[in-house]
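Peer 1: here is the input, now give the coordinates:
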Amino acid sequence: MGKRQIIYTASQIGGARELLDKEINLITKEQRVWHGYVTAIDQDKIELKDSRFWKHTFKVADIDKIYREVVTDY
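Peer 2: Here you go, the predicted structure:
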């Protein structure tokens, strides 16, 4: 089994419903990395729940990229 990394740029994030309930790494434009699960997403903001169950809200305009890993069969 392998892993594949999917990268979402800022223009692809707003309203990307496929990210809902997925584990991601979010990188802000200030180069800070946040890890957690997406709990809500719309055109302007994304809400992330971290491993301590704290919720964090980010404006899409403040996000540089989002990385998501997908396990593959090959």
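
Peer 1: check which residues of stretch 8-27 are buried.
Peer 2: 8, 13-14, 16, 19, 24, 26-27 (16 or more other CB atoms under 10 Å). C-betas here are computed from N, CA, C, even on glycine.

Peer 1: contacting residues around that stretch?
Peer 2: 33-44, 46, 48, 58, 60-61, 63-69 (CB atoms under 8 Å, 6 or more residues apart in numbering).

Peer 1: how about a cut-off of 10 Å?
Peer 2: 5-7, 29, 32-49, 51, 56, 58, 60-70 (CB atoms under 10 Å, 6 or more residues apart in numbering).

Peer 1: what does stretch 67-74 give?
Peer 2: 1-8, 18-19, 22-27, 33, 35, 38.

Peer 1: can you give me the strands for this structure?
Peer 2: 2-9, 23-28, 33-41, 45-49, 55-59, 63-72 (DSSP state E).
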